[in-house]
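Visitor: Coordinates for the following, if possible.
(2 chains)
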Amino acid sequence: EDKVVQSPLSLVVHEGDTVTLNCSYEVTNFRSLLWYKQEKKAPTFLFMLTSSGIEKKSGRLSSILDKKELFSILNITATQTGDSAVYLCAVVDPYTGTASKLTFGTGTRLQVTL
Amino acid sequence: KAGVTQTPRYLIKTRGQQVTLSCSPISGHRSVSWYQQTPGQGLQFLFEYFSETQRNKGNFPGRFSGRQFSNSRSEMNVSTLELGDSALYLCASSWNRENTEAFFGQGTRLTVV
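Guide: Here you go, the predicted model:
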């Protein structure tokens, strides 16, 4: 059974800090990994990573995947209170490679304080 | 472009009752997936429908069922509700292609009393 583990479970930082969120996975046939941000209800898509070592970047957020060591990290620099959310990591269906079936980690709850 | 729409947003039901939740996917998406989110278990996959057929199923009891219509709209049904069924139920739609993400609705918050 596919398994995704995120750490830490929760994190409190001050505005302006840099944070690193971790996601490790064990899957039968890895295809791709996705990061989502969940503020209230609907998770919103951040990044999809399919190849090892390639960094995806969007503003202050970036993510990298290590297929050899089976983990991904999500970095947020110069954090703002609007970054407070639960960050979810998921792997796609190993058979179809599509996002029709996602296996999620339990998430990291990030709180950014003033 | 309209997003994924779930109705209702909130529901309160009594143990033993049944409930039906609805999900309208993004136009053109034929894959609709359902997830249960609870504080203890996180987001867990319930099932996925594609072209009116259940293609994948998670580890949930038979009380949880679903269907998909020809316009790709999907419903999920939970019968004989238990207190433990209280959760946020999220629906997601996606293209049936690799390297594309899933888009989530706002969810239905179900409370069983």
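Visitor: Quick one: name the residues of chain A near chain B.
Guide: Contact residues (Cβ under 8 Å from any Cβ of the partner chain) of chain A with chain B: A:31-32, A:34, A:36, A:41-45, A:48, A:50, A:88, A:90, A:92-93, A:96-107. C-beta coordinates here come from the backbone N, C-alpha and C atoms, glycine included.
Visitor: would you list every one of the strands in chain B?
Guide: With strands called from DSSP state E, chain B shows them at B:5-7, B:10-13, B:19-24, B:31-38, B:42-50, B:53-57, B:64-68, B:74-78, B:87-94, B:103-104, B:108-112.
Visitor: The shortest one - which strands sit beside it in the sheet, and in what orientation?
Guide: When you say that, I think you mean strand B:103-104. Sheet pairing of strand B:103-104 (DSSP bridges) gives strand B:87-94 (antiparallel).
Visitor: between the strand it pairs with and strand B:74-78, how big is the angle?
Guide: Here the directions of strand B:87-94 and strand B:74-78 differ by 160 degrees (axes from the mean of the first three to the mean of the last three Cα atoms, to 10 degrees).
Visitor: Determine how far strand B:87-94 lies from the middle of the whole chain.
Guide: Put simply, strand B:87-94 sits 5 Å off its chain's centre (Cα atoms, centre = their mean, to the nearest Å).
Visitor: average pLDDT across that strand?
Guide: Taken as a whole, strand B:87-94 has an average pLDDT of 98.
Visitor: Can you tell me what sits against it?
Guide: A:41-43, A:98-100, A:102, B:4, B:6, B:21, B:23, B:25-26, B:29, B:31-38, B:43, B:46, B:72, B:74, B:76, B:100-105, B:107-110 (Cβ atoms under 8 Å, 6 or more residues apart in numbering or on different chains).
Visitor: Next, the angle strand B:31-38 makes with that strand.
Guide: Here the directions of strand B:87-94 and strand B:31-38 differ by 160 degrees (the same axes, to 10 degrees).
Visitor: got the CA positions of strand B:87-94 in CSV?
Guide: Presented in CSV, the C-alpha positions along strand B:87-94 are these (Å, rounded to 0.1, in the frame of the first residue of the first chain):
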residue,chain,number,x,y,z
ALA,B,87,-16.2,14.7,8.3
LEU,B,88,-15.5,17.1,5.5
TYR,B,89,-16.2,15.3,2.2
LEU,B,90,-14.2,16.7,-0.7
CYS,B,91,-14.8,16.1,-4.4
ALA,B,92,-12.1,16.6,-7.0
SER,B,93,-12.2,16.5,-10.8
SER,B,94,-9.3,16.0,-13.2
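Visitor: and the residue lying farthest from the centre of chain B, what does it touch?
Guide: Largest separation from the mean C-alpha position in chain B: B:Asn99, at 22.2 Å (Cα atoms, centre = their mean). If a contact means Cβ under 8 Å, 6+ apart, then B:Asn99 has A:32, A:48, A:50, A:97 as its contacts.
Visitor: pLDDT below threshold where in the chain?
Guide: No chain was given, so I picked chain A. Chain A contains no residues with pLDDT under 70.
Visitor: Please refer instead to chain B.
Guide: Scanning chain B for pLDDT under 70 picks out B:1.
Visitor: Would you mind listing what in it touches chain A?
Guide: Near chain A, when you scan chain B using Cβ under 8 Å from any Cβ, you find B:3-4, B:31, B:33, B:35, B:41-45, B:48, B:50, B:55-56, B:88, B:90, B:92, B:94-107, B:109.
Visitor: Using ChimeraX, define a selection of the buried residues within those.
Guide: Of the residues of chain B next to chain A, the buried ones go into a single ChimeraX selection, burial set by 16 or more other Cβ atoms under 10 Å in any protein chain shown:
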select /B:4,31,33,35,42,43,44,45,48,50,55,56,88,90,92,94,95,100,101,102,103,104,105,106,107,109
